[in-house]
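Visitor: the following comprises the amino acid sequence and a computationally predicted model.
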Amino acid sequence: MLQIRVNDIEIAYQIRGEGKPLLLVHGFPLDHSMWRFQFEVLATQYRVIAPDLRGFGQTTRGSADVSMQQFANDLNGLLDALSIREPITYCGLSMGGYIGWEFWKSYPDRICRLIQCDTRSIGDTELMARGRRQMAARITKQGPNGSALAADGMLPKLFSNYSAQTIPERVAQLRNVIAGSDPHMIAETQHALASRHDATPWLPNINIPTLLICGEHDAISPADEMRAIADAIPDGTFHIIENVGHMAPLEHPQAVNKVIRQFLHQTDSSC
Ligand code: MLT
């Protein structure tokens, strides 16, 4: 991993390849390694950047309040620090997708294509927000074991039953990533997720090619909801990945990479 100073933090990131820049933004509470099956493949044609977000993986926490907007600001700062001035293709999963909407809203000139995997546009309902706050309180109460509690709570919702049976080692690896992350950061980010924007009203104004990818059995970002997001975006397309859940890029990388490469090829003139 490389490290670079951005705002009040040191961002850890991987970068590889030549060509148009492609930013891979991980979900919650994960790190860049969830993209490992995309990183190598896409780097044969693109300049791929996979950072750890503020407070996750090897990136420092800094002192700014955590919010989707702050994560987007950090990514903007990362591009500045890497002297990447041309518009990027932004690819996020779940929370990385929530940040993607904010990134588009705040830095529209910086982005020429959007790939949103297993994500939602609506904000939390009051019930969901309350659930997150309760979870944050339980994690904080557990102290250093809070991350293991979060891992056990989240894991059943991340993978399909089929993936749990066929790729148990990937499930175990992801559990280690969650259990190894900072419990304070998990709790703080739950609060930030609970108060994130509803991006649904923005969708008709997203005037760049946008690919929506969803696992057939995604229990967090349902396929019907993602199809509706694609319908609301003027140049939106939707693809379902069969047999997988919320972690589609990790569960069935070959299928996801094929869809991403097709989309990049078809929309290359937009960037
Ligand atoms: C994620 O995968 O980033 C989270 O499941 C997002 C969420 O909790 O809404």
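Guide: It's in.
Visitor: tell me the residue furthest from the middle of this structure?
Guide: Of all residues in the chain, the one whose C-alpha sits farthest from the chain's mean C-alpha position, using CA atoms, centre = their mean, is residue 141 at 27.0 Å.
Visitor: how about the residues of the stretch 151-271 of the chain that lie near the ligand?
Guide: Taking CB under 6 Å from any ligand atom as the criterion, the neighbours of the ligand within the stretch 151-271 of the chain are 193, 220. For the C-beta atoms, the positions are set from N, CA and C on the backbone; glycine is no exception.
Visitor: can you give me the strands in the stretch 151-271 of the chain?
Guide: Ranges of strands in the stretch 151-271 of the chain, per DSSP state E, counting those that start in this stretch, are 210-215, 236-241.
Visitor: single out the most deeply packed of those strands.
Guide: Scoring the strands of the stretch 151-271 of the chain by mean neighbour count under mean count of other CB atoms under 10 Å gives strand 210-215 as the most buried, with a mean of 27.
Visitor: any idea which residue of the stretch 151-271 of the chain lies closest to the ligand?
Guide: Closest approach between the stretch 151-271 of the chain and the ligand, counting by CB to the nearest ligand atom: residue 220, at 4.8 Å.
Visitor: excluding its backbone neighbours, what's nearest that residue?
Guide: Nearest residue to residue 220, sequence neighbours excluded (CB to CB, 6 or more residues apart in numbering): residue 246, at 4.8 Å.
Visitor: which ones are touching the one you found?
Guide: For residue 246, the contact set (CB atoms under 8 Å, 6 or more residues apart in numbering) comprises 94, 118, 157-159, 215, 218-221.
Visitor: which one of those residues has the most neighbours?
Guide: Neighbours here mean other CB atoms under 10 Å. Within the contacts of residue 246, the largest count is held by residue 215, at 32 neighbours.
Visitor: would you mind giving me the confidence score for that one?
Guide: What the model reports for residue 215 is a pLDDT of 98.
Visitor: hey, what's it bridged with?
Guide: Using DSSP bridges, the beta-bridge partners of residue 215 come out as residue 241.
Visitor: does it touch residue 245 like I think?
Guide: Yes - Residue 215 lies in contact with residue 245 (CB atoms under 8 Å); the separation is 4.8 Å.
Visitor: pull up the overlap in contacts between those two.
Guide: 160, 251.
Visitor: residues in contact with the residue lying closest to residue 53 once chain neighbours are set aside?
Guide: Using CB to CB, 6+ apart and skipping the chain neighbours, the partner closest in space to residue 53 is residue 71 (5.4 Å). Residues touching residue 71, when contacts are defined by CB under 8 Å, 6+ apart, comprise 53-54, 99, 102.
Visitor: quick check: longest helix of this structure.
Guide: Looking across the chain with DSSP state H, the single longest helix is helix 126-142.
Visitor: neighbouring contacts of that helix?
Guide: Where contact means CB under 8 Å, 6+ apart, the residues beyond helix 126-142 that reach it are 124, 146-150, 153, 183-184, 186-188, 190-191, 193-195.
Visitor: near the ligand at all, it?
Guide: No - under the criterion of CB under 6 Å from any ligand atom, the ligand is not reached by helix 126-142; the shortest gap measures 7.5 Å.
Visitor: equivalent analysis for stretch 68-78, please.
Guide: No - contact of stretch 68-78 with the ligand is not found when judged by CB under 6 Å from any ligand atom; the minimum separation is 10.7 Å.
Visitor: centre-most residue in this structure?
Guide: Closest to where the C-alpha atoms of the chain average out (CA atoms, centre = their mean) is residue 96, at 2.3 Å.
Visitor: hang on, that residue in a strand?
Guide: No - counting by DSSP: H, G, I helix; E, B strand; the rest coil, residue 96 is not part of a strand but helix.
Visitor: picking up where we left off before, okay, the residue farthest from the centre of the chain: pLDDT?
Guide: Each residue has a pLDDT score; the one for residue 141 is 95.
Visitor: equivalent analysis for residue 12, please.
Guide: Per-residue pLDDT puts residue 12 at 98.
Visitor: that one belongs to a helix?
Guide: No - residue state for residue 12 (three-state DSSP) corresponds to strand; a helix is not indicated.
Visitor: ok, now which ones touch residue 187?
Guide: With contact set as CB under 8 Å, 6+ apart, residue 187 has these partners: 136-137, 139-140, 146.
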